[in-house]
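Enquirer: Fold the stuff below for me.
(one chain, ligands or ions: 3)
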Amino acid sequence: MGLGCLSKSAVAVLKTDDKLKDAKIVFVVGGPGSGKGTQCEKIVAKYGYTHLSSGDLLRAEVASGSERGKQLQATMQKGELVPLDTVLEMIKEAMIAKADVSKGYLIDGYPREVKQGEEFEKKIGAPALLLYVDAKAETMVKRLMKRGETSGRADDNEETIKKRLDLYYKATEPVIAYYEKSGIVRKINSELPVDEVFAIVEKAIDELK
Ligand SMILES: Nc1ncnc2c1ncn2[C@@H]1O[C@H](COP(=O)(O)OP(=O)(O)O)[C@@H](O)[C@H]1O
Ligand SMILES: Nc1ncnc2c1ncn2[C@H]1C[C@H](O)[C@@H](COP(=O)(O)OP(=O)(O)O)O1
Ligand SMILES: [Mg+2]
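Expert: Ligands and ions are numbered 1, 2, ... in the order given. This is a model prediction of the structure:
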């Protein structure tokens with residue numbers, strides 16, 4: 001059946017979704033301060049992937065001063081998760097905006113819970129790889145306290161860091177177990193110096209081609 005029987009707007013929606021049909025998707029999952037953003041930057045430089053950090057997208061919304069941004073700010077300051085629909089919609093829009101030029105997508109900071117992974121697959125597509133950026137809690141806290149000296153982030157303070165870590169172990173770690181079943185998880189030892197971590201990351205990305 002052709003698209004002739006559908007309204008113009010329905011066809012537009014189908015075509016937009018279609019754009020992401022064959023996209024190469026990499027989930028980047030790890031605790032707060034584990035080094036996700038640092039490694040993503042290096043992947044962008046070498047492989048030209050599109051880097052979408054859910055946290056950065058949300059912080060941009062907060063910076064815009066919108067009403068929605070004000071609500072998000074309050075949630076993020078407490079170290080809690082913002083509503084799933086909001087973050088998924090932002091990621092999807094950002095992906096579509098880059099669909100014609102993107103070589104692949106790094107989805108950094110998402111999924112934060114199994115439900116987010118399920119919804120992403122329903123609305124966008126399946127990931128080809130999950131980079132599990134792993135560091136000890138002690139290391140993450142140290143890095144975040146240091147980052148907090150200059151980041152200006154409302155959540156890089158001792159009290160919120162503790163909450164973010166607790167939430168990571170409770171809600172996000174199960175995401176890794178969930179994707180282990182499909183064989184796409186690559187564990188990256190992020191205790192090493194940045195370039196050594198990247199050497200492990202490169203191997204995982206090269207396997208994709
Ligand atoms: N392998 C590493 N060794 C030492 N410091 C690191 C390493 N990876 C990241 N960092 C530092 O730790 C902090 C958190 O890294 P970031 O990439 O922002 O983490 P995330 O995006 O996972 O929260 C940054 O200040 C960064 O410079
Ligand atoms: N996928 C997601 N779902 C819900 N909330 C999210 C989210 N990604 C980010 N947030 C909110 C809650 C986080 O505490 C905050 C900062 O996220 P982030 O920049 O990814 O932090 P970090 O990588 O340091 O853990 O934004
Ligand atoms: Mg980050």
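Enquirer: Helix, strand or coil: sort out the residue of the chain found nearest ligand 2 for me.
Expert: Nearest residue of the chain to ligand 2 (CB to the nearest ligand atom) works out as residue 55 at 1.9 Å. Every C-beta, even on glycine, is put in place using the N, C-alpha and C of the backbone. What DSSP: H, G, I helix; E, B strand; the rest coil gives for residue 55 is helix.
Enquirer: I figured it hits residue 112, correct?
Expert: No - with contact defined as CB atoms under 8 Å, residue 55 does not reach residue 112; the gap is 9.9 Å.
Enquirer: what's the following helix or strand after the lowest-mean-pLDDT helix or strand in the chain?
Expert: Taking mean pLDDT, DSSP states H and E as the measure, the chain has helix 8-19 as its least confident helix or strand, at a mean of 64. Next along the chain after helix 8-19, taking DSSP states H and E as the criterion, comes strand 25-30.
Enquirer: May I have the helix or strand containing residue 120 exported as CSV, CA atoms only?
Expert: Per DSSP H and E, residue 120 falls inside helix 114-123. The C-alpha coordinates for helix 114-123 follow below in CSV (Å, rounded to 0.1, in the frame of the first residue of the first chain):
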residue,chain,number,x,y,z
VAL,A,114,15.2,0.2,32.2
LYS,A,115,11.9,1.8,31.3
GLN,A,116,13.8,4.6,29.4
GLY,A,117,15.6,1.9,27.3
GLU,A,118,12.3,0.2,26.5
GLU,A,119,10.7,3.5,25.5
PHE,A,120,13.6,4.5,23.4
GLU,A,121,13.5,1.3,21.4
LYS,A,122,9.7,1.7,20.9
LYS,A,123,10.0,5.3,19.7
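Enquirer: Show residues contacting it.
Expert: Helix 114-123 is contacted by residues 27, 84, 87-88, 91-92, 107, 110-111, 127, 174-175, 178-179 when judged by CB atoms under 8 Å, 6 or more residues apart in numbering.
Enquirer: now the angle between strand 25-30 and it, please.
Expert: Between helix 114-123 and strand 25-30, the angle comes out at 170 degrees (axes from the mean of the first three to the mean of the last three CA atoms, to 10 degrees).
Enquirer: Which positions in helix 114-123 come out as buried?
Expert: 114, 116-117, 119-120 (16 or more other CB atoms under 10 Å).
Enquirer: repeat for stretch 152-159
Expert: Across stretch 152-159, burial judged by 16+ other CB under 10 Å covers 154-156.
Enquirer: what about stretch 108-116 and ligand 2, touching?
Expert: Yes - counting by CB under 6 Å from any ligand atom, ligand 2 has neighbours in stretch 108-116: 109-110, 112, 116.
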